[in-house]
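J.: Need coordinates for the following:
(one chain, ligands or ions: 1)
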Amino acid sequence: MTRKLAVFVLLGLVASPLLADEKKIEKPKCDFVESPNFNKDERGKGKINYIIIHTIEGTKDSCISWFKQTKSQVSAHYVVGFDGSITQMVKDKDRAWHAGVKLYNEEAIGIEHEGYAAKNGWTEKQLRASAELTRWLCHEYGIPIDREHLKGHCEIAPGRKTDPGPYFKWDLYLALVKDPKTRIDLSEKKDPEKK
Ligand SMILES: [Zn+2]
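T.: Numbers count the residues shown, from 1 in each chain. Next up, the predicted model:
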């Protein structure tokens, strides 16, 4: 190893942990519109262990108005639009009614996404906003960024739910959660049925 290279390697070893620590992860901007459909709780680190990814099967506005109604008996912590806007509807510490499975209602954060499981409507803004939110949640509550802890609704309610559907690219999403600078190529995103 040349001296130059040795210095370079040494700098790299010293600098990288510092850089990682310096980068403070902030919660992305979101509006708060309260849903009445939740159980009060005091969840925090150690009690929030999963993130469940959903698609709304409709628009963001329709979702917010549905979750605001007591009669719907459903909710989620966050709703992410095609435009990348995020609306929080249940506080993280409380239990939203999104999973239909006791364990996950108790221990998960539910994130709804504008769009349909069977259609490829995902936008770059939406994926980036959702991943930024998930990055913050994982950091805040110590949730590992892997497929054991980040799951689709269809995976915890098989046979009953299909969201987020086959067009949700898990590898890309996990890469985005880990590194916001990850490139997104949605060029092959076109719905085959659409012209
Ligand atoms: Zn769902």
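
J.: State the three-state secondary structure for residue 52.
T.: strand (DSSP: H, G, I helix; E, B strand; the rest coil).

J.: tell me which parts of this protein are close to the ion?
T.: 54, 153, 163 (CB under 5 Å from the ion). Where you see a C-beta, it was placed from the backbone N, CA and C, and this is true even at glycine.

J.: now do 8 Å
T.: 52, 54-55, 76, 98-99, 110, 112, 153-154, 157, 161, 163-164 (CB under 8 Å from the ion).

J.: Okay, and which of those residues map to strands?
T.: The strands, defined by DSSP state E, take in 52, 54-55, 110, 112 from those.

J.: who wins for neighbours among the residues of the chain next to the ion?
T.: The residue in the residues of the chain next to the ion with the most neighbours, by other CB atoms under 10 Å, is residue 112 (32 neighbours).

J.: wait, what's in contact with that residue?
T.: Taking CB atoms under 8 Å, 6 or more residues apart in numbering, we find residue 112 in contact with 54-56, 63, 76, 78-80, 98.

J.: make it 6 Å
T.: Each residue near residue 112 by CB atoms under 6 Å, 6 or more residues apart in numbering is listed here: 54, 56, 63, 76, 79.

J.: Equivalent analysis for residue 177, please.
T.: Here residue 177 is in contact with 131, 134-135, 145 (criterion: CB under 6 Å, 6+ apart).

J.: Send me the helix or strand containing it as CSV with only the CA atoms.
T.: Assessed by DSSP states H and E, residue 177 sits inside helix 170-178. Taking Å, rounded to 0.1, in the frame of the first residue of the first chain, the C-alpha atoms of helix 170-178 are listed here in CSV:
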residue,chain,number,x,y,z
TRP,A,170,-39.6,-3.6,-2.4
ASP,A,171,-35.9,-3.7,-3.3
LEU,A,172,-36.1,-0.1,-4.5
TYR,A,173,-38.1,1.0,-1.5
LEU,A,174,-35.6,-0.5,1.0
ALA,A,175,-32.8,1.0,-0.9
LEU,A,176,-34.5,4.4,-0.8
VAL,A,177,-35.2,4.1,3.0
LYS,A,178,-31.5,3.4,3.5
